[in-house]
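Engineer: From the sequence below, what's the structure:
(2 chains)
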Amino acid sequence: QKEVEQDPGPLSVPEGAIVSLNCTYSNSAFQYFMWYRQYSRKGPELLMYTYSSGNKEDGRFTAQVDKSSKYISLFIRDSQPSDSATYLCAMRRGNNRLAFGKGNQVVVIP
Amino acid sequence: ETGVTQTPRHLVMGMTNKKSLKCEQHLGHNAMYWYKQSAKKPLELMFVYNFKEQTENNSVPSRFSPECPNSSHLFLHLHTLQPEDSALYLCASSQDRDGRYEQYFGPGTRLTVT
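Structural biologist: Numbers count the residues shown, from 1 in each chain, chains lettered A, B, ... in the order given. Below is the predicted model:
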C-alpha cells in the first residue's frame, strides 16, 4: 500500500465552481499536512499547512484533516482560471521526509 | 534575487556526459534538499543537507553525486545517466529539518537524457 494516495485526475471545472481534492494515507504517525500548488514550469509552492485534525481556512481555500479516517481534503471556492495548476498533498512526522501524493491537475474553464 | 534559484532550467545530456545542477537559496535557511519529479509519480526525495552535512541519502544511485559547500548552495553532479533519469529535478530549502518549517522550492531543472 502506498503511503499517500492521490488521484492524479485531471479535474476540469467551470469558473466559479467549488474544487474538491483529497488524499488518503496509511501512516497514522503523520502529524503535519500540507497542500502545495504547482504551476506549469514552476516549482511547488506551499498553499495550506495544518497540524493534526481539523479545518483551516485561508481566503477561498479550506484544508480539512481527518486523522481517524486518514483522509485530507482541499476545497477551493469560487474557482478562478488562475487556480489552474497541479495540487500536491504532502505529509510528514517530525523531522522525517515529506511524503507526497502524485498530484492532481486542475483546470478551471472560463 | 530572492527565494530559491536553480540553473540551468533545461538540460539535455548524453549518457556519457558529466554535468552539474546548481541551486542557490537567498532565505538564510540551513536545510537544503534535492527532489526528483517524474510524470505521474510522487516527488521523490533524493538528498537532504542540514548545516552543510548530508543527513539523508534516499538510496540514490551513485551516478548522482550531491555537494553542499555552504548553507546557501547545493549542487547535483551527474555522470553516466540513464534515459530513465530524465525528469524535473527540484531543489528546496527550509529553516531546518524540523517538520514545523515550510520547504521552499526552486523552479526546477528539466533534465533530458538521450
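
Engineer: Where does pLDDT dip in the chain?
Structural biologist: With no chain named, the answer covers chain A. Along chain A, the model assigns pLDDT under 70 to residues A:1.

Engineer: nope, chain B
Structural biologist: Judged against pLDDT under 70, the low-scoring parts of chain B cover residues B:1-2, B:99.

Engineer: In it, which residue sits nearest chain A?
Structural biologist: B:F105 (3.4 Å; Cβ to the nearest Cβ). In short, each C-beta sits where N, CA and C put it, glycine included.

Engineer: List the contacts of the nearest residue to that residue once chain neighbours are set aside.
Structural biologist: In space, not counting the residues next to it along the chain, B:F105 is nearest to A:G43; the distance is 3.4 Å by Cβ to Cβ, 6 or more residues apart in numbering or on different chains. A:G43 is in contact with B:4, B:90, B:92, B:105-108, counting by Cβ atoms under 8 Å, 6 or more residues apart in numbering or on different chains.

Engineer: From chain B, how far out is A:Y87?
Structural biologist: 13 Å (Cβ to the nearest Cβ, to the nearest Å).

Engineer: Need phi/psi at that residue.
Structural biologist: Backbone torsions of A:Y87, given as degrees, to the nearest 10, read phi -110, psi 120.

Engineer: can you check the one 4 residues further on too?
Structural biologist: With angles defined as degrees, to the nearest 10, A:M91 shows backbone torsions of phi -150, psi 160.

Engineer: Please name the residues that touch it.
Structural biologist: Contacts for A:M91 (Cβ under 8 Å, 6+ apart) come out as A:4, A:25, A:27, A:30, A:32-34, A:72, A:98-99.

Engineer: Ranking by neighbours, what's the top pick from those residues?
Structural biologist: Sorting the contacts of A:M91 by how many neighbours each has (other Cβ atoms under 10 Å in any protein chain shown) puts A:I72 first, at 28 neighbours.

Engineer: Verify the stated contact: it with A:N55.
Structural biologist: No - distance between A:I72 and A:N55: 10.8 Å, which falls outside the contact criterion (Cβ atoms under 8 Å).

Engineer: hey, what's in contact with both of the two?
Structural biologist: Applying Cβ under 8 Å, 6+ apart, one finds that A:I72 and A:N55 are jointly contacted by A:63-65.

Engineer: hang on, the earlier thing: ok, so of the contacts of A:G43, who is nearest A:V106?
Structural biologist: Of all those, A:V106 sits closest to B:F105, with 18.5 Å by Cβ to Cβ.

Engineer: A:F61 versus the closest one, what's the distance?
Structural biologist: Plainly put, B:F105 is 19 Å away from A:F61 if you go by Cβ to Cβ, to the nearest Å.

Engineer: what's the helix or strand for the residue sitting nearest the centre point of chain B?
Structural biologist: Taking Cα atoms, centre = their mean as the criterion, B:W34 is the residue nearest the geometric centre of chain B, at 2.9 Å. Assigned by DSSP states H and E, B:W34 belongs to strand B:31-37.
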